[in-house]
Every structure is written in structure tokens, then in C-alpha cells.
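Chemist: got a predicted structure plus its sequence, pasted below:
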Number of protein chains: 2
Amino acid sequence: MSFPTDLEIALSADIKHIREIADKVGIDREDLEYYGKYKAKIPLKYIDEDKIKNSKLILVSAINPTPAGEGKTTVSVGLCDGLNKIGKKTIAVLREPSLGPVFGIKGGAAGGGYAQVIPMVDINLHFTGDFSAVEKANNLLSALIDNNLQDKKRTLNIDPRTIVWKRVMDMNDRSLRHIIVGLGGSNNGITREEGFNITPASEVMAILCLSKDFEDLKNRLGNIFVGYTFDKKPIYARDLNAQGAMAILLKDAIRPNLVQTLEGNPAILHGGPFANIAQGTNTIIATKTGLSLADYVVTEAGFGADLGAEKFLHIKGHYSGLKPAAYVLVATIRALRYHGGAKKGEYENPNLQFVEKGIENLKKHIENAFKFGLKPIIAINHFATDSEEEINFVKSECEKLGVRAILADEFTKGGEGMTELAEEVVNCAANCGNNFQPLYKVEDAVELKIETIAKEVYGADAVVFSQKALNQLKSIYNLGLDQLPICMAKTQKSLSDDEKKIGRPKGFKVTVREFEFAAGAGFIIPILGDMMRMPGLPSVPAAEGMDIDKFGKITGLS
Amino acid sequence: MSFPTDLEIALSADIKHIREIADKVGIDREDLEYYGKYKAKIPLKYIDEDKIKNSKLILVSAINPTPAGEGKTTVSVGLCDGLNKIGKKTIAVLREPSLGPVFGIKGGAAGGGYAQVIPMVDINLHFTGDFSAVEKANNLLSALIDNNLQDKKRTLNIDPRTIVWKRVMDMNDRSLRHIIVGLGGSNNGITREEGFNITPASEVMAILCLSKDFEDLKNRLGNIFVGYTFDKKPIYARDLNAQGAMAILLKDAIRPNLVQTLEGNPAILHGGPFANIAQGTNTIIATKTGLSLADYVVTEAGFGADLGAEKFLHIKGHYSGLKPAAYVLVATIRALRYHGGAKKGEYENPNLQFVEKGIENLKKHIENAFKFGLKPIIAINHFATDSEEEINFVKSECEKLGVRAILADEFTKGGEGMTELAEEVVNCAANCGNNFQPLYKVEDAVELKIETIAKEVYGADAVVFSQKALNQLKSIYNLGLDQLPICMAKTQKSLSDDEKKIGRPKGFKVTVREFEFAAGAGFIIPILGDMMRMPGLPSVPAAEGMDIDKFGKITGLS
């Protein structure tokens, strides 16, 4: 018998009513906003700053992602189950998946194997409507902008050529990347270039994830930069009086969502921003809610640690004051083979030579952790194709750096396969003396902040700024937005800005081609490559294989 | 003290937990899918065909709508409260409002005054996500179409110039009416003309509202017509294997939503299709669920009776087998003044002459009811500015036609102001001998079906078909779609196809300019004028006056 699919495992789980999950963490059943039997929103009043100080935040990140896959979410979910298994009251706090990719190649995103959050189908479809609310808030601002262009009585004199705000849709839809709107004559708007990004790329999503409360949310929404007037004055969302209505559209989305792992442990999924042009991690509200309700929170940071962990620490850390008590770096033997030069077809075959070379990627991420004042724990996400020789090599190399590497067997065994890692996480959170220090100050010059990240985290020799980037940087200074954290938009596949440079690249420069900024969310975005903001569908979209029978039973979702 | 706003009334209501509303109609609390405390989805298993036969369906329609407003939804909600007040177990079954207009001029749509459905804010915003699900299902098909154009390996050879399927967004956004997609080079789709309609105009919405169950839903989704190949073969959604994934996106949207009136009586809101290019009434599933749970169901049909009731009877009646046991026609004295020639500024002033002329509009709708085998009851939706003289005139004119006209005081008094109307509805449902007969057979020729509606319902002398319409009609016959019900797309403001012809126009022809068809929903759409499918925002959008405070309290929503 073959190993069951994620959907089969998810649908055969003994799922508990969400009120039972709430009971475990002391949420009054009457305080929950139920979304069916297995999903609920938690009111903001459960955030307790005193409790947060005494709880332990476990940050999970990874080596640079490869086609072989690392399973960061799977490890995070499994670690939550493992911690609960050894008696530690733990909540997994993660991102919500985007709907678009479900119909493309990727399928869903709620863990895998025996380390999943459920109800899997709901989580992968509309869930509690948060993405949809973000989409509407984003697109309301777009409609207000185009309405202002159209209306000559109350015009703000916006120059349509300068508008940077785009519409969004949570769909893999390449035809919407570059469009022209406002055709069809004088009743139908002003003709201009436009485009749709996928919803996780919306600045509204980034804002939702960095907001502390309604006031903060509204302020940030009002600070969204729209474009310039014909006489070069900046226009923000607040100039269109948009922030109140946008915040109303987010009135439910602001509250975190409670679900459960396959083992009936609590999980909070909330927010899902991109990890290149945005911060790639769940909401501050969700993380704080988790820390208020449990003694341990396992959370993850998108892509590899050079993007995910760095942004978590510098952006989310800056706006929330949160610091990890333990830091788990996920690696797989397969991925280390890839970083050592294994080609497609070779990932699955034991090969110590590849691992010996590829481990350099992991080592660099370990070194980086120490720079941040964090001692990492390495989770080797275990696959049947890993040889003992390879595993032992990784363990002993980590030991040389004073770091423990532990097998993570969550995919096939759930929490039972994670108790050793869980014990080490508890031990480290208590005894490692982790004390996060940012690598830069937000008050530093923008160029310095970028250089710090590039040199310290990526290992680059220098940063090159294109002429275009330098011009845009001038605008950022002119707008007074220079004292914001940096959100690097770079390929996740390499420590450098060139995805072909696997392992631990050396002797390279990175190039800032352009600058963007998120004045509302509160970060500056140096663009180091072509960032995909609207995926396309593949030749055979996953959608084609999906079905629902007359009883409502779903098949083909993966 | 001035009369409170709808929002003030709604927010000060003594709202009950939705499980208490469920108790009233015998739904097991554990069967509900809760969406917070005040909204819930009802499983499809509560549909009981035997019970439906013994319950009474009360259809509410109106005279031709005017700028003065008739308050059809308000009367429907008030009538539900009135029927409950006199001891009849009644559910109001209505449409869900669209989000887009909330930010424009119109504001929300959940009744008004003391005849509202609540929670008003939720109902007007994302509610339970049904519109969003419809939007996603619609736009997934669009993405699959454009993906097929892009992909030369598995191409269906669709001619992009023939694609009639459009994207949708639930937003008042005129700039999206006419757009060009697929710009930006060969990785970004095939360049073609496109446009967005507002979500209620999606055929997916029409389909959801006419589907009996998942099987029926999937079949109808598969039957959506997309366009032609370069060699003139028709392409349907099923050719793209789209229907399974689209149906999955509607897995929750297919279930009706339970809410309550201000007086704590049950209301089901489900689906919200346009009333011109679509059928303008809630889902068959919701109506049947209501009839299965209560002895009386009050439902409404969009716009005036010439569009709303006609389509309810011919389209929804055809696909569901449902027949009204009583039929309520809503009129206001203000609107009758308008139909008698009153201009802006004169609507509010008593003027018997205007009413004497304007009553012709009401009389025609009364005559039409008799043609359908229905004896109408006239509800005069009462305003403070109505004179006794005017009211008495309307009552006596109705009496001459053998019909009762009764004051409806739901706006200021709720159910208490509706008991007389409620008594008459109960009486008529038992004794009027209503027996609905369609005016045409679906097997009739398309031209004959249209002529029947135009002559019998509108009072037209003849129907003119443009050359374009005749050509399109040929395609409808060629596709074998001619034996479907007719869904007239006509101005709601006049019985004719010219909105300036108020009252009861005579000696006119109507012109079918074009044909469209909804092969999935199952109707032919003769287009008799310019139909707005994507509204715009006004000079001062309602959005600008909206706010939410730090406690989440909302203001400015109307």
C-alpha cells in the first residue's frame, strides 16, 4: 500500500470540534466567532502583554529552498505536536495559504503527511475570508483612485502615470499582469496602464500582518502611497479618505483564526504576505495571541533564513518587540545534495560527496544565526532516501559548530517523531541564552542597512545600486521614508541574488536594480531581481483534476 | 428627535444568538455551520419536498420602481414579522446584498427602519463569503480560458475575439468595464479585449440560484458557454474541465444563510443575481429550505413585477416547480405620484391628480397578476406624507378590480404595523384559489415567447428585432438553446423599454437589440436597452464617510 495523500490523511483525521481546541488554551467558548465547527476567530482581547513576556517564541526557518523541498511548515506543525506530546502547552502560529496556487501546480499549503493543520480543504479554499477581505480593501482603494481621476469636480490632480497602487486577485492569472483599464469612452474612466498582483502581494496584506489593533491598522492603511500629482506632490490613501472604509472591510480579518493539527493541538493561521516583496510571516496579532494563550509558540518565516528569518527579526521584530527564545533551522539531506551540485534525478540518491559540499549552505545560515545572537537547532527533515552516513556527517559537522542537528520525523510519524527535537527546543529556550540583536538600526542610512544585510547575511562583498535605484532612493529620502526597516526582494533560491549560485556563494556582489516602498506597512523594498507577483497556471492546471460529488465529497485537491 | 438611521436601529437591536432562531424552526443546533454568533449556514438535508407542498409561498413584487423608492425588501421583512405576530410560522427568504454599492451611493440593502434583517453590517459586507466564492469560481474559469489561449500544447483553438465570458469583481469600478488583458509580451498571456462585471452579474451567481444540488450545480457550470474556436465550434466550461473546481469553490456558498429580523424572526438570505440580465431572486435551495422549515415563506422578486415577478414565475418557477400561494404587489403613494407625472421635489407633496394618473401603472400590474392566475394583494408602503384622500382613492380603485389594498406600516412600526396585511395574506393563501399558469411554454419559438411577455406583461403592440439580434438568434437555434425560458433585460423604470415612459404606456413597440444567453443557468436574454453590469462610484463615495474606531465600532454605513 502506498503512503496516503495529504488529502486522504486530512479527511480521515479524527477532527475535534474547535470549541474543544479552545478549551485547551483557555478561550471561553462563547468568545469564539465560529466559522463552522472546525474554524473560529479569536477576539483581540485575549492578547495579554504580561503573559507574552513569559512565553517562549520558537522561530522556524530553513536553508535556501530547493526544488527538492525542505518542509518548513511540516516541521513547524510537527514540532507543535511534539512539544504538546512532551507536555508543553504549545500553539503553532502560521500563515494562511493563498487560494490561487491551489489551482495551479503547487496545490494546498497546510503542512503534509502526518503533520498538517486541518480542516485542510477549508484552509486551502476560502478559509474564514481573510484573503478575500484583503483583496476587497485593496481594490476599494483602486476604485477610489480611478474614481478620483474620472471626477473633475473633486480631483486631487493625480498623474495617472505615477500611480503605483495595483489591483489584486487571489488567482494564478498571468493575463492580468499587464493590462489597460479605463477604455470605452468618457463614462468609463481614464485610460491608463494597470496590473493585478496576486492577493498575498498586496500591501494591505503586509499591513494587516504588522498592525497591532484597529487604530494602527487604520493609520497604516492611510499611509499607503498611491502616486504623485501632476505637480509632484505625494498622494496617500488618506488623501482619498480611504482608510476608514478599508479598515471596515478588514473588521473580521484582523482577528486570528483558530484551527487544529492532525493531533488535535491548537494552531493559529493568520495572514499570508509574500516573502520577497513583503515580510513573509503571519500577523503580529496572531503571534501575540498565541503567546498569550500558550507557553510555547512555534512560528515560521517564509523562504530561507536569509529572507524569512532576517525579515522576521528586523521587520516583525521591530514593529512587535518580539524575540525568539529558540530558533530552528530546517534542512533536508535531499536539499543539501542539491546545494552540493546534485541535478534533477540525483536528489533522491544517497551521495555523501554532494552533502559534503552542500552543507556549506547550512553552515552559513548557522553562522548568521549566531550573528543575530541566536543559537540554532538544526532539524533534519527526514526522508526514506537519507543514508545513515549522510545524516551522521551533518550531525557531526553541526556539532563542530557547537550546534545540535536532530532528525525530524513528523511527516510519517507526527508528533511522536518530533519529541527529541521538542526536548532540545525546550532546553535551548531555557538555557541557550538566546538574545536577539538586530544587525542594523532603522535610523541607519538606507544604503548602510542594505549593505549590512548583504554582507552579513548573504556573504556578499558589496552592493551595487543601479542608476534607477539611486534615483528612486532620492524619492524615498524626499518623502521622509528612509528610517524604515528594509524588506529585501531577492531570489529565495540562493544566498546571492543569482538563483544559479547554490551552496555558499562567495566573492559576489548583489545589485539593487530598483526601489519600492511600502509606506503603510512600513518598509523599504530593494528589488534585487525579477519578482513574480502574479503566477500563471501550468499547462495542466490542478483545477482540471478536481471534483466534488453529490454528497459534497471533494477529490483532486492536494 | 429625528428618526434613527438604519444602522442605529440595527445596532441597538436586541439581537439573539442564531441558535435560538434555529430552535424556532426546528434546526438542530449541531447541524448549523456558524459564522459568528448571528449568522449560520443550513445544511441541504433540511430540504423536504413533502413539507414544501404543504407550505405557502408568498411572492412580493412591486410596481415599476421610481426614484422615490417602493421598499419591497422592507415590506417583505415587515410582512414576515407581521405573519409571525399573528401566530404564523414564517421565514423571510431574500437575496444577499452586493458589496460594491455599499461604497457608492446606495448604501446597504437589508431592509430599512424597523423592518430589517440583522446583523446589518455583516450582511452588507462579506456576510458568509458567498459572493466572494461566486467571484472566485467565475474568475477561475477566466484564468483557465486565458491559460488555454496561452498554452499551445493543449490548445482548444479558441478564437479570443469570440470569448463572451468576463471576469467579475464585487466593487463599483467603472475603470474595469472595458480593459485589455494579456499585455507585456509572450509570457503574459494573449492580448485581448476583456471587461469586469460586478459579481451579481456573473452567470455563476445565476447558476447558484437555480441549482437544486451539487450535481445540478456542476452540470450547469459545465454548460457555461465560453466562445467559439477558430473553426466555429462552441466551447463550454466543460471543455476546459472547469466545472469540478468551480463547484468546489462553491461548496459552502451552496448552503443557505440563516439570519434574523429585528424582531427575532428567521430570515434566510441566499444568492443575489441581477434582475435585468439575470433572474433577480434568491436561490431555489433557499426558498425550498424556507418552505421546509416554516408554514409561510415571504420572498421577493427584484425590480418591478414586469421583470421580477415575470422571471420568478417563468424561470424560477420552471426550474423549481414552485408556485406562489399569495402575491403581494408593493406600491407607494410617492411612486404613484411619480407615475402620474410628479417631478423631483413634488414626490413628497400630496397631490391626488398625480395619483389618479399614476395608478394606471399599478392597475396594469394587477391585470398582469390575473393573467398568471394570481389574485394580488396591494401593500401600500406607508409614508408620513401620504394623504388620506390619496390612500382612500387607491383603496377604492383596487376594490373596483376586486383586489384589496392595505397600508403597510413596517418602516416605523415593524411587524405591529403589518398585521392587517398578514391576515389578508393568510386568508388569500387559503381562499383566493391562486393557481399560477405560465404565459408561455419553454418549447415555444423564442420569438413567440418574447412576444408573449412583451404584449401580455408590458402591454406592447409588437416586438422589433434588430438585424444583429436576428443573427444572434440564429446562433441560439444552432446551439440548440432555443427551448429555454426567457430572461428579459429591460429598464426597470418603465413597463416599456423606454425609461421615460412612466405610468401605463400604450401604443408602443419594444426592440430586441441583441441576444445573449446563459447556457449554464438556462435562459435566453433578449437585450432591450443598455444594461449596466458594472456601476461606478459617485463624486462623493459613501466610502469616504465610513469609519471604525479602536473598539471596532462602525459608523457611516447606511
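Modeler: Received it, and whenever you're ready, just let me know what you need.

Chemist: measure how buried A:N381 is and give me the count.
Modeler: 25 (other CB atoms under 10 Å in any protein chain shown). Heads up, the C-betas are built off the backbone N, CA and C, glycines and all.

Chemist: do I have it right that it meets A:L336?
Modeler: No - between A:N381 and A:L336 there is no contact, the gap being 11.0 Å when judged by CB atoms under 8 Å.

Chemist: need the residues touching each of these two.
Modeler: Taking CB atoms under 8 Å, 6 or more residues apart in numbering or on different chains as the contact criterion, A:N381 and A:L336 have no common neighbours.

Chemist: for the stretch 101-250 of chain A, what spans make up the strands?
Modeler: In order along the chain, the stretch 101-250 of chain A carries the following strands (DSSP state E, counting those that start in this stretch): A:111-112, A:115-118, A:167-168, A:179-181, A:192-194, A:196-197, A:225-228, A:234-236.

Chemist: got the CA positions of the second one in PDB?
Modeler: Read it as strand A:115-118. These are the backbone C-alpha positions of strand A:115-118, laid out as PDB (Å, rounded to 0.1, in the frame of the first residue of the first chain):
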ATOM      1  CA  ALA A 115       2.000  17.000  10.200                       C
ATOM      2  CA  GLN A 116      -0.900  19.000   8.900                       C
ATOM      3  CA  VAL A 117      -3.300  21.600  10.000                       C
ATOM      4  CA  ILE A 118      -7.000  20.800   9.400                       C
END
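
Chemist: sheet-wise, list the partners of that strand with their directions.
Modeler: Its sheet considered, strand A:115-118 pairs with strand A:111-112 (antiparallel), strand A:257-261 (antiparallel) by DSSP bridges.

Chemist: can you list contacts of it?
Modeler: Around strand A:115-118, the neighbours that count as contacts under CB under 8 Å, 6+ apart are A:6, A:9-10, A:13, A:15, A:38, A:74-75, A:77-78, A:81, A:92, A:94, A:110-111, A:123, A:259-262, A:267, A:269, A:410-411, A:414.

Chemist: just give me the neighbour total for the residue in the stretch 251-400 of chain A that chain B sits nearest to.
Modeler: In the stretch 251-400 of chain A, the residue that lies nearest chain B is A:K251 (6.1 Å; CB to the nearest CB). The criterion is other CB under 10 Å. On that basis, A:K251 has 19 neighbouring residues.

Chemist: returning to what we had before: let me have the strands paired with strand A:115-118 in CSV, extended by mean neighbour count and distance to A:L421.
Modeler: Compiled in CSV, the strands paired with strand A:115-118 are given as follows (neighbours: other CB atoms under 10 Å in any protein chain shown; distance: least, CB to CB, whole Å):
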stretch, mean neighbour count, distance to A:L421
strand A:111-112, 27, 15
strand A:257-261, 28, 15
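
Chemist: for A:K474, find the nearest of the ones you listed.
Modeler: Nearest of the strands paired with strand A:115-118 to A:K474, taken as CB to CB: strand A:257-261 at 41.7 Å.

Chemist: what's the mean pLDDT across the closest one?
Modeler: In this model, strand A:257-261 has an average pLDDT of 98.

Chemist: up against chain B, what does the stretch 451-558 of chain A have?
Modeler: For the stretch 451-558 of chain A, the residues found near chain B under the criterion CB under 8 Å from any CB of the partner chain are A:536-537, A:539-552, A:554, A:556-557.

Chemist: using JSON lines, please lay out the strands paired with strand A:115-118 together with distance to B:G317.
Modeler: Shown next, in JSON lines, are those (distance: least, CB to CB, whole Å):
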{"stretch": "strand A:111-112", "distance to B:G317": "48"}
{"stretch": "strand A:257-261", "distance to B:G317": "42"}
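
Chemist: about what we covered before: which of the strands of the stretch 101-250 of chain A sits closest to A:Q472?
Modeler: Taking CB to CB as the measure, the strands of the stretch 101-250 of chain A were each checked against A:Q472, and strand A:225-228 came out nearest at 12.2 Å.

Chemist: direction included, what does that closest one pair against?
Modeler: strand A:234-236 (antiparallel).

Chemist: filter the residues of the stretch 451-558 of chain A next to chain B down to the buried ones, ChimeraX style.
Modeler: Per 16 or more other CB atoms under 10 Å in any protein chain shown, the buried members of those correspond to this ChimeraX selection:
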select /A:536,537,541,542,543,544,546,547,548,552,554,556,557
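
Chemist: coming back round to it: so which of the contacts of strand A:115-118 are in helices?
Modeler: With helices defined by DSSP state H, the entries of those inside them are A:6, A:9-10, A:74-75, A:77-78, A:81, A:123, A:410-411.

Chemist: who wins on neighbours among those residues?
Modeler: A:G78 (37 neighbours).

Chemist: for A:T281, see how far away that one is.
Modeler: Distance check for A:G78 against A:T281: by CB to CB, to the nearest Å, it reads 19 Å.

Chemist: same thing with A:A460?
Modeler: A:A460 sits 24 Å away from A:T281 when distances are taken as CB to CB.

Chemist: more neighbours, the two?
Modeler: Using other CB under 10 Å as the criterion, A:A460 and A:T281 rank with A:T281 on top: 29 against 22.
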